[in-house]
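**Student:** what would the 3D arrangement of this be:
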Amino acid sequence: MKKRIFIAINFPKKEILTAKLAQMMNEIKQLPMRWVKPEILHLTLSFLGEIEENDLAKVKKIVEKIASLYPPFVINLSGIGIFPDFKKPRILWIGAQEETGTLIKLQENLRQELVAAGFTLEEKKYQPHITIGRIKEKLFSSGIKTIQQFCQKYSQANFGESFIESIDVMESMLLSNGPVYRVLETIPLTLPSPTRGKD
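**Tutor:** Presented below is the predicted three-dimensional model:
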């Protein structure tokens, strides 16, 4: 039996993020948006798609190996953007920044290990983000102008920061009323943080 699997970071506290999003959603309520439910907001590290259930143990071992190489870190959430572009906007997202480079290195290391183990992953540059909404249909010029103005207004918006101590192996189940995500295993980042100085 196959499962739809991805590896992600879930945020321990979403109150600031969801409160700000609730206020912003009203500004573009006229657009055909399907908003992501606040409780399932996450940052994807790697999407594997459908894999055999027997391969799950292999995925978990890889994630455990990678998690042991990195310390906990802080992610700053800021800015609103669109994928793929404003000509054909489809995905509305919040940016995720991490100052030390740990997030990008962890994601690339994870990707390399998964590919080496035989898993097929998308070939595209990783851009850390949280998907907050999807545009359900083609926008006309007025709709495109509205989404451009919205993104420009919130291009520097600050949605707070989160201290990340673990990564999750997750299952995605596509239901008629939207996706449901289930955490299969939470794996802590176990490398001790570098000391900042000595007494």
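
**Student:** correct me, but residue 63 touches residue 184?
**Tutor:** No - applying C-beta atoms under 8 Å as the test, residue 63 and residue 184 come out as separate, 10.2 Å apart. Just so you know, the C-beta spots here come from the backbone N, C-alpha and C atoms, and that holds for glycine as well.

**Student:** okay, and the common contacts of those two?
**Tutor:** Residues within reach of residue 63 and of residue 184 at once, by C-beta atoms under 8 Å, 6 or more residues apart in numbering, are residue 169.

**Student:** so between the two, which is more surrounded?
**Tutor:** Between residue 63 and residue 184, residue 63 has the larger neighbour count (other C-beta atoms under 10 Å), namely 23 against 13.

**Student:** wait, a helix at the more buried one?
**Tutor:** Yes - counting by DSSP: H, G, I helix; E, B strand; the rest coil, residue 63 falls inside a helix.

**Student:** in the chain, what secondary structure element scores lowest on mean pLDDT?
**Tutor:** In the chain, no helix or strand scores lower on mean pLDDT, DSSP states H and E than helix 15-25, which sits at a mean of 80.

**Student:** any buried residues in that helix, and which?
**Tutor:** Buried residues in helix 15-25, defined by neighbour count with 16 or more other C-beta atoms under 10 Å: 17, 20, 21, 24.

**Student:** centroid residue for the chain?
**Tutor:** Per C-alpha atoms, centre = their mean, the C-alpha nearest to the average position across the chain is that of residue 43, at 1.7 Å.

**Student:** so that residue is in which element?
**Tutor:** strand 42-52 (DSSP states H and E).

**Student:** just the buried positions in that strand, please.
**Tutor:** The neighbour-count check on strand 42-52 (16+ other C-beta under 10 Å) flags 42, 43, 44, 45, 46, 48, 51 as buried.

**Student:** off-centre distance for it?
**Tutor:** Relative to its parent chain, strand 42-52 has a centroid offset of 10 Å by C-alpha atoms, centre = their mean, to the nearest Å.

**Student:** before we move on, what about stretch 122-130?
**Tutor:** Computed by C-alpha atoms, centre = their mean, the chain-centroid distance of stretch 122-130 equals 9 Å.

**Student:** mind listing what's buried along that stretch?
**Tutor:** Neighbour-count burial for stretch 122-130 [16+ other C-beta under 10 Å]: 128, 129, 130.

**Student:** and of the residues you listed, the nearest to residue 148?
**Tutor:** The shortest approach to residue 148 among those belongs to residue 129, at 17.9 Å (C-beta to C-beta).

**Student:** average pLDDT for the helix or strand in which residue 75 is found?
**Tutor:** Secondary structure assignment for residue 75, by DSSP H and E: strand 73-83. Here strand 73-83 scores 94 as its mean pLDDT.

**Student:** what do you get for stretch 52-64?
**Tutor:** 95.
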